[in-house]
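>>> here you go, sequence then predicted model.
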Protein chains: 2
Amino acid sequence: MPSNTAGPYDSEDTVVHVADLFRLLGDPTRLRIVLRCLSKPICVGDIAEQLGLSPPLVSHHLRLLKGARILRGQRDGKKIYYSALDDHIRCVIDDMVAHVGEPLDCEELG
Amino acid sequence: MPSNTAGPYDSEDTVVHVADLFRLLGDPTRLRIVLRCLSKPICVGDIAEQLGLSPPLVSHHLRLLKGARILRGQRDGKKIYYSALDDHIRCVIDDMVAHVGEPLDCEELG
DNA sequence: CAAACATTTAAACATGTGTTTATATGTTTT
DNA sequence: AAAACATATAAACACATGTTTAAATGTTTG
């Protein structure tokens, strides 16, 4: 337990860790990549093609997202399929979208 | 109207907007400031003192957070008390902390 | 084994942004 | 109205980071 008068989240390690996850979701390109991985596993080439990005750029972002335990990748042949590590990321994004309050038909994201 | 075959969150405006909110929570100092405002309204000077930051720096971050409608400020005398704009931010942060709090047993990463 | 495909790595480049410092605005009290 | 306090603004600086380009690694197929 922290010894200061801080709230529940103020452990220095936790704050830095949580901020790091938010920061990773805070880049539009990277967020788009994450969104593509939420509904179903998808390989690097398909992400690149669908988003109009170069494979190296997508791979670079995927590496960061995998390192932060936001996404996971499993190889199938020569392709590597990326998907959400767990459901928390989905909840976080859903809550944030709710905060934004912009019209969305979230049908595929259950 | 999006003209591509994108998923539910891929409206360009929404993605950029959501990413912007995540980016703001992605700085440790700024996240600490937000956390101080979640439990109860708190004024700039108190935040600065409790976190060991300069008032101008705190004010600068608060301005960004207020502009993004993450926090709101209401004046009482010469002090301005900042608090969360709504509960979505609380949910987002709670979910992310839950994500961090995972024991991380599942090391089966590609 | 070699060729073709999918992904990764590394370095260079450009840009964005958090922090500091100094100054200004606004509010209350005397 | 002036002084003291609380917060906000602006510019300069230092650092972090997203993107591009080129080369390398790993996997399957002929």
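Structure's in. What do you need? None of the values given here were measured: they were computed from a predicted structure. Residues are numbered from 1 along each chain as shown, chains lettered A, B, ... in the order given.
>>> what's the per-residue pLDDT of the residue nearest in space to the middle of chain A here?
Taking CA atoms, centre = their mean, the centroid of chain A lies closest to A:Val34, which sits 4.3 Å from it. At A:Val34, the pLDDT value in this model is 97.
>>> please name the nearest non-neighbouring residue to A:Pro55.
Among residues not flanking A:Pro55 along the chain, A:Ala48 sits closest, at 4.7 Å (CB to CB, 6 or more residues apart in numbering or on different chains). All C-beta spots, glycine's among them, are computed from the backbone N, C-alpha and C.
>>> pretty sure that neighbour sits against A:Val58.
Yes: counting by CB atoms under 8 Å, A:Ala48 does reach A:Val58; the two are 4.6 Å apart.
>>> please identify which of those two sits among more neighbours.
Each of A:Ala48 and A:Val58 has its neighbours counted (other CB atoms under 10 Å in any protein chain shown); A:Val58 has more, 25 against 17.
>>> need the contact list for that one.
A:33, A:44, A:47-48, A:51 (CB atoms under 8 Å, 6 or more residues apart in numbering or on different chains).
>>> and the residue nearest to A:Pro55, what does it touch?
Counted by CB under 8 Å, 6+ apart, A:Ala48 has contacts A:54-55, A:57-58.
>>> go again with 10 Å.
The contact partners of A:Ala48, taken as CB atoms under 10 Å, 6 or more residues apart in numbering or on different chains, are A:33, A:54-59.
>>> what does A:Ile80 give?
Residues near A:Ile80 by CB under 10 Å, 6+ apart: A:41-45, A:59, A:62, A:66, A:73-74, B:110.
>>> run the last query once more with 6 Å
Counting by CB atoms under 6 Å, 6 or more residues apart in numbering or on different chains, A:Ile80 touches A:Gly73.
>>> just how off-centre is the one helix or strand it maps to within its chain?
Using DSSP states H and E, A:Ile80 sits in strand A:79-84. Per CA atoms, centre = their mean, to the nearest Å, the displacement of strand A:79-84 from the mean C-alpha position of its chain is 12 Å.
>>> next secondary structure element downstream of it?
By DSSP H and E, the next helix or strand past strand A:79-84 is helix A:88-100.
>>> contacts for that following helix?
A:38, A:70, B:17-18, B:21, B:88, B:91-92, B:95-96, B:98-99.
>>> most neighbours, which of those residues?
Ranking these using other CB under 10 Å puts B:Met96 first, with 27 neighbours.
>>> okay, the strand holding A:Ile80 in CSV with CA atoms only?
In CSV, the C-alpha atoms belonging to strand A:79-84 read as follows (Å, rounded to 0.1, in the frame of the first residue of the first chain):
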residue,chain,number,x,y,z
LYS,A,79,1.2,-14.7,-41.9
ILE,A,80,0.9,-13.5,-38.3
TYR,A,81,-2.6,-12.7,-37.1
TYR,A,82,-3.0,-10.0,-34.5
SER,A,83,-6.0,-9.7,-32.1
ALA,A,84,-6.9,-8.1,-28.8
